[in-house]
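Engineer: below is the sequence, then the predicted model.
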Amino acid sequence: MTATIAELITVETVTDVAGEVWSAMVGADEVLVPDGGSAPAGTSAWVTVTGPWNGAVVLTCSPSATDDLTRAVLQLRPDEEPEAEDVDDVLRELANILGGNVKSLLPGPSVLGLPETGTPPPARPGSSTVAVSWRGHPIAITVQGATEAPELTTTEVPL
């Protein structure tokens, strides 16, 4: 049976993974509200996944979200300005955890690359993007890769 990456990692799956990561990393009372829009322009962090499926998990935050997100994760005071390095660290860590959760849902052994910030790899056909709002800030999580995922097979175990 052959499945596309969008069938293996559906929008619903990405939404569930993102909600769990957000609750654990940002705060138990912090929620992502489905937005239905497109990915915002802003700062991106991503991690590559290499294995039977090659692609990337990309977190993109609007410029207004990055400082608030850093304050929430690092538990800074509302009036405290986060350092640029702290913003990058928080975004890379969130992308890394999102990527690790997605990787665990894929067939076969895979390896995560090091998380990066900047301009993400270009999206390819077969991507699953979740557009959400957090505290009114637009955010997107995209699982992007090849149109075809690895072939899923079952093996018989002798009894």
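Structural biologist: Structure received.
Engineer: and for stretch 45-59, what's in contact with it?
Structural biologist: For stretch 45-59, the external contacting residues (CB atoms under 8 Å, 6 or more residues apart in numbering) are 5, 8, 44, 88, 91-92, 94-96, 98-100, 102-103, 106-117, 120-121, 123-124, 139-146, 149-150. (C-beta placed from N, C-alpha, C; glycine too.)
Engineer: with stretch 111-126 instead?
Structural biologist: With CB under 8 Å, 6+ apart as the criterion, stretch 111-126 contacts 4-6, 43-51, 55-56, 58, 60, 88, 91-93, 95-96, 99-100, 103, 129, 142, 144-148.
Engineer: one more time with 6 Å
Structural biologist: Stretch 111-126 is contacted from outside by 4-6, 44-48, 50, 56, 58, 88, 91-92, 95-96, 99, 103, 144, 147, using CB atoms under 6 Å, 6 or more residues apart in numbering.
Engineer: what does stretch 79-90 give?
Structural biologist: The contact list for stretch 79-90, computed with CB under 6 Å, 6+ apart, reads 66-67, 70, 73, 117.
Engineer: among these, which are in helices?
Structural biologist: 66-67, 70, 73 (DSSP state H).
Engineer: tell me which helix or strand residue 22 sits in.
Structural biologist: Residue 22 is located in helix 11-25, with elements delineated by DSSP states H and E.
Engineer: for that helix, packing partners?
Structural biologist: Using 3 or more CB pairs under 6 Å, 6 or more residues apart in numbering; DSSP states H and E, the elements in contact with helix 11-25 are helix 84-103, strand 128-134, strand 137-145.
Engineer: need the contact list for residue 14.
Structural biologist: 128, 130, 141, 143.
Engineer: quick one: which of the residues you listed is the most crowded by neighbours?
Structural biologist: The most crowded member of the contacts of residue 14 is residue 143, carrying 30 neighbours; neighbours defined as other CB atoms under 10 Å.
Engineer: my guess is that residue contacts residue 106, does it?
Structural biologist: No. In this structure, residue 143 is not within contact of residue 106 by CB atoms under 6 Å, at 9.5 Å.
Engineer: could you measure from residue 139 over to residue 52?
Structural biologist: Here residue 139 is placed at a distance of 29 Å from residue 52 (CB to CB, to the nearest Å).
Engineer: comparing the two, which residue is more hemmed in?
Structural biologist: Between residue 139 and residue 52, counting by other CB under 10 Å, residue 139 is the more crowded of the two (26 against 14).
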